[in-house]
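Chemist: Test case, fold it:
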Amino acid sequence: MKALNRQVSPSSTSFIRKLGRLAMAVACAGSLGMAHAAGSGNLIVNGDGETGLCSTDWKAVKTVPGWQVLLGSPTLMCYSVASFTKPASPASGNAFIADGPYGDSALMQTVDVSSAATAIDTGGITYNLSGWLGGYGVYHGQAVVTASFLDGYGNVLGQPGELYGATANARGNANAFLAKSTTGSVPAGTRKIAVQLQFINTSGSYNVGYADNLSLTLSTPVATPRLVAPASTVPAFDHVFFVMMENTDYSQVIGSSSAPFINSLAQSGTLLTNYSGTYHPSDENYMAVAGGDNFVSGAIYFPNIKVTSQHLGDKLEAVGKSWKAYEQGMGTPCNTSNNNDSYYQPDDAPFINFTNISGNPTRCAAHLFDTNQLTTDLQSVATTPNFSWIAADDYYDGEASGNGSNTSVQTQDNWLKQTLQPIFASPAWNSQRSLLILTWDESSSQATNHVGGIVVGSQGLVGSGALSTTSYNHFSSARTIEGALGIASLTPNDSYAQAMNDVFAAQAATDTLRVAMPSVQAGENIVLNYTATAADTDAHNWLGIYTAGATPGAVSSLQWQYVPAQGGVASFSTANMAPGSYTAWYLAKDGYSPLAGPVSFVVTQ
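Modeler: Okay, the predicted model is just below:
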């Protein structure tokens, strides 16, 4: 809920002070929907979306602090983006949570209620789940909130609390939010409550399902969770090299025979199977890494972008660390013309878009160089910057050479091989702790923004031949760079983004399958994360959904889909599934030999 703004006037007598405190407690309890004054506060952090940077651009992805992304690219939108019909209370504030620009999405957070275990185990504790659910006009996209009760081992207990029903018909086909609430009993044995916010039926449209003022309270005191940034366990590095190519879908490059070098990198490091850009078109994605935000809207490029905020270079200099951007075709330092290379674009390394670089020629020339300088700088540890941004020109980065076509992918592969091999042969890589992050700015199509991501490290600090199915984006890259080099974050987008912790503890890929949420309401998507070894990867591997206890091959699957990639995230609709218990299996090569599974989940009415 939005923050309450009530105060009790001070009094000169103890009696009045006590009376005032009692009145305030009663008022707050009623406003929060508690069962009685001794109940909990709101256990959902940032359920109102007020922490974070909301957007007035429907195409932009912003980090939603306090929530872990399971699927898609949810975002924070400002109410000023459109006119909405809303309930009168609580106050709407400035922002709401939306499905984002790329269709269905899902977020979750897990609430620890073990501090109330004694009271919960009496079986007399109730919950109240409430919030505003909304959507845009005639679009069918809507939000569904599910609160699943889990024991200490993660098993589902009882029936979940659910909020849903803000369909287009229910909203009168208007841009509107509807107040929803439900109450029920907290099952004895509950130790955690998994809260999932899922946006469904978006049909690939963007930002047509919304949620705001989400609240979960119990009728007993519970330690109220605080909004904190996700923990970063990124180890310290001496050098970080960052490379961003362009306009290529994940599926166009990962596993492609046209990219042997890129795929060898994936095998020597950790492949990020669930990485995405934060915008279409390009420059906003570059600045998401360098500055922690998209900053501008639409097809706007240098010299028309003038950002006054701080960037990674500022943060590095503040702690006495060095940085350079190397751009193919630049020629002389800080050259912004393309006389040397018709494909050269000065903003492919985004620092020129920041006024403290573009407006300071001396500083610009000290940090922006041609890629030829990289070869020289790599000759010693002392001349290798702590942070290096490395950019190809618009032909070799994949854009002008075909936007993800085989020719484009092959062109990128050759350039990366030529450019990155000297890094791997350098003293900085071989004698110090060095990290390489390779990704792409955006996908070639705008239906999704799923792009490749590969992390490689020296000194055995990054998993080799490993996969990560965690949802990451360009803000995650920024957060990881910040953690690796010990610098402060730039904005709420990167400070609350999930750092790439798992790549530093990753083991070699194995055959695995896990379900993101233990229970979903009928109509929601069930989200599955899967990985396979390189040897087990096959174009005809598949995931199947079965009723609990069924054996693949003995009965037909209820739903299935091919998963040809070595790892990733798959989503199944439960719209036509009856309430009950189900299992998912990861099966090999059009057959019934299990690679992994079964994993269980529950569909509720």
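
Chemist: Can you list the low-confidence ranges for the stretch 401-550 of the chain?
Modeler: 506 (pLDDT under 70).

Chemist: residue ranges for the strands of it, please.
Modeler: 434-440, 450-457, 466-468, 472-473, 512-515, 519-521, 525-531, 542-547 (DSSP state E, counting those that start in this stretch).

Chemist: who does the shortest one pair up with?
Modeler: Spelled out, it's strand 472-473. Strand 472-473 sits in its sheet next to strand 270-276 (parallel), going by DSSP bridges.

Chemist: what's the helix or strand that comes right after the partner strand packed up against?
Modeler: Next along the chain after strand 270-276, taking DSSP states H and E as the criterion, comes helix 283-291. In terms of contacts (3 or more C-beta pairs under 8 Å, 6 or more residues apart in numbering; DSSP states H and E), helix 283-291 is packed against strand 239-245, helix 312-318, helix 474-485. Backbone N, C-alpha and C define where each C-beta goes, glycine included.

Chemist: ok, which stretches of the stretch 351-500 of the chain are helices?
Modeler: Assigned helices in the stretch 351-500 of the chain, in chain order: 355-358, 361-367, 372-377, 406-424, 427-431, 474-485, 492-495 (criterion: DSSP state H, counting those that start in this stretch).

Chemist: Sketch out the low-pLDDT regions of the stretch 151-300 of the chain for me.
Modeler: Ranges of the stretch 151-300 of the chain meeting pLDDT under 70: 204.

Chemist: picking that back up, nearest to Asn430, of the helices and strands packed on helix 283-291?
Modeler: Asn430 lies closest, by C-beta to C-beta, to one member of the helices and strands packed on helix 283-291: strand 239-245, at 11.2 Å.

Chemist: and the angle for the closest one with helix 406-424?
Modeler: Note on geometry: by axes from the mean of the first three to the mean of the last three C-alpha atoms, to 10 degrees, strand 239-245 and helix 406-424 are set 170 degrees apart in direction.

Chemist: could I get strand 239-245 in CSV with only the CA atoms?
Modeler: Taking C-alpha atoms only, strand 239-245 is exported to CSV below (Å, rounded to 0.1, in the frame of the first residue of the first chain):
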residue,chain,number,x,y,z
HIS,A,239,39.9,-6.0,-15.1
VAL,A,240,36.5,-6.2,-16.8
PHE,A,241,36.0,-6.3,-20.6
PHE,A,242,32.5,-5.5,-21.9
VAL,A,243,31.5,-6.1,-25.5
MET,A,244,28.0,-5.3,-26.9
MET,A,245,27.2,-6.5,-30.5
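
Chemist: Report all helices and strands that that strand contacts.
Modeler: helix 283-291, strand 387-391, helix 406-424, strand 434-440, helix 474-485.

Chemist: now the helices and strands packed on helix 283-291 in JSON lines, with mean neighbour count and distance to Leu528?
Modeler: Listed next are the helices and strands packed on helix 283-291 as JSON lines, based on neighbours: other C-beta atoms under 10 Å; distance: least, C-beta to C-beta, whole Å:
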{"stretch": "strand 239-245", "mean neighbour count": "25", "distance to Leu528": "29"}
{"stretch": "helix 312-318", "mean neighbour count": "20", "distance to Leu528": "35"}
{"stretch": "helix 474-485", "mean neighbour count": "27", "distance to Leu528": "21"}
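
Chemist: Please name whichever of those is nearest to Phe96.
Modeler: So among the helices and strands packed on helix 283-291, helix 474-485 is nearest, using C-beta to C-beta, at 19.4 Å.

Chemist: How about residues contacting that closest one?
Modeler: Under the criterion C-beta atoms under 8 Å, 6 or more residues apart in numbering, residues 63, 232, 234-237, 240, 242, 275, 277-278, 285, 288-290, 292, 312, 315-316, 319, 321, 386-387, 435, 437, 439, 453, 455, 487-490, 493-495, 497-500 lie in contact with helix 474-485.

Chemist: let's see 6 Å
Modeler: If you take C-beta atoms under 6 Å, 6 or more residues apart in numbering as the criterion, helix 474-485 is touched by 63, 232, 234, 237, 240, 278, 285, 288-289, 292, 386, 435, 437, 489, 493-494, 497-500.

Chemist: With stretch 52-71 instead?
Modeler: With contact meaning C-beta under 6 Å, 6+ apart, stretch 52-71 is reached by 45-46, 51, 73-78, 80-81, 95, 97, 100-101, 105-109, 206-207, 227, 278-279, 294, 297, 471, 475, 492-493, 496-497, 516, 527, 571.

Chemist: Now, of those residues, which are buried?
Modeler: By neighbour count, with 16 or more other C-beta atoms under 10 Å, the contacts of stretch 52-71 hold 45-46, 51, 73-78, 81, 95, 97, 100-101, 105-109, 206-207, 278-279, 294, 471, 475, 492-493, 496-497, 516, 527, 571 as buried.
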